[in-house]
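1. just to be clear, the model below is a prediction. Sequence and coordinates:
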Amino acid sequence: MKRILCAAFLALVLAQLAAMGTAQTGMRMSNLVDSASQERLRAALLAAKVPPGRVERVLEEVSAYNRAVGEALPVQAGFAPFDGLPAYDPERIGTLWQAAYPDWIGLNCRLTAMSVLADAVRVEHPSKAPALGLALDEAALDAAPREVLTRAERARFATLFGAIPTEGSTDPLRQRARHGAHWAQLGVRFGESSQARMVSVLLHTHFAPGEDELLVGHVGVLLEEDEGFLFFEKLSFELPYQLLSFSTTGQLREYLLSTYDLDTTGESAPAMLLIDGEPFDA
């Protein structure tokens, strides 16, 4: 059965945005190639009480990625105006990545967010069933040249992000309630040791009558600064890191919905935004 995975989904996103063009967002973006932008991310993570050791491991992955493909990224230093996803060249990026890591697909959005927030996410009743929709995520963890998540963190990751069966309703309130009830049953809790927030794009996919799933199709980390916010994300296994700077959370919501709410069939509920598992409506 077809499963939504970050890598395949980003191909659709990039094609859709190429057809749509761009709109002014008032946001700015860094690909974290330069040391100054990495230091800004480090400072924000530490201010949010992400453990220093975890911060350094995350930045190590950022640096390793950009050593491999940084030359192909559009923002080489600082932050540039962000009017929607840049015109990344997946073929060139993929070639550079494969030259550096021929046996590893890299980290995606979910793995990156969990690598930041693993200490802040608790799951009281981890699922013992195999996780749906995470085959590439698990393969990436198995092949990673450095430990990304511990065994206990991997169990929480699978419980948190595995796809869940749902009904065929196109009502986002019903689908969001289904997802919330599932996480509540598992005892998912956020924010106990960090002020960093998990912002998720919840996607409903209708495969066939009686075959519907909910999956976190994209996720990133929201951080506060003195005069605004940062959003740290990894677009897909091979596509880059982005650090977005903006003044209101409404800008973030608009960016995520315009980028990932792409169903045109009318058979699936619209994309839904969550912040630490709760509705992210304002």
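-> Nice, thanks for sending it over.
2. for the stretch 51-200 of the chain, what spans make up the helices?
-> Using DSSP state H, counting those that start in this stretch, the helices of the stretch 51-200 of the chain run over 52-69, 90-100, 109-117, 135-143, 151-161, 172-186.
3. just put these in JSON lines and tack on distance to H206, mean neighbour count and mean pLDDT.
-> No exception for glycine: its C-beta is placed from N, CA and C like everyone else's. Shown next, in JSON lines, are these (distance: least, CB to CB, whole Å; neighbours: other CB atoms under 10 Å; pLDDT from 0 to 100):
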{"stretch": "helix 52-69", "distance to H206": "34", "mean neighbour count": "17", "mean pLDDT": "97"}
{"stretch": "helix 90-100", "distance to H206": "27", "mean neighbour count": "15", "mean pLDDT": "97"}
{"stretch": "helix 109-117", "distance to H206": "22", "mean neighbour count": "25", "mean pLDDT": "97"}
{"stretch": "helix 135-143", "distance to H206": "21", "mean neighbour count": "16", "mean pLDDT": "96"}
{"stretch": "helix 151-161", "distance to H206": "20", "mean neighbour count": "19", "mean pLDDT": "93"}
{"stretch": "helix 172-186", "distance to H206": "11", "mean neighbour count": "16", "mean pLDDT": "95"}
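4. same question for stretch 220-236: list its buried residues.
-> Within stretch 220-236, the residues that count as buried by 16 or more other CB atoms under 10 Å are G220, V221, L222, L223, F229, L230, F231, F232, E233, K234, L235, S236.
5. need the max-distance pair from those.
-> Pairwise distances across the buried residues of stretch 220-236 (CB to CB) peak at 22.7 Å, for the pair F229 and S236.
6. separation between the closest residue to A68 other than its chain neighbours and Q76?
-> Spatial nearest neighbour of A68, chain neighbours left out: A100 (3.7 Å); criterion: CB to CB, 6 or more residues apart in numbering. To Q76, A100 is 18 Å away according to CB to CB, to the nearest Å.
7. with D142 instead?
-> Taking CB to CB, one finds D142 at 33 Å from Q76.
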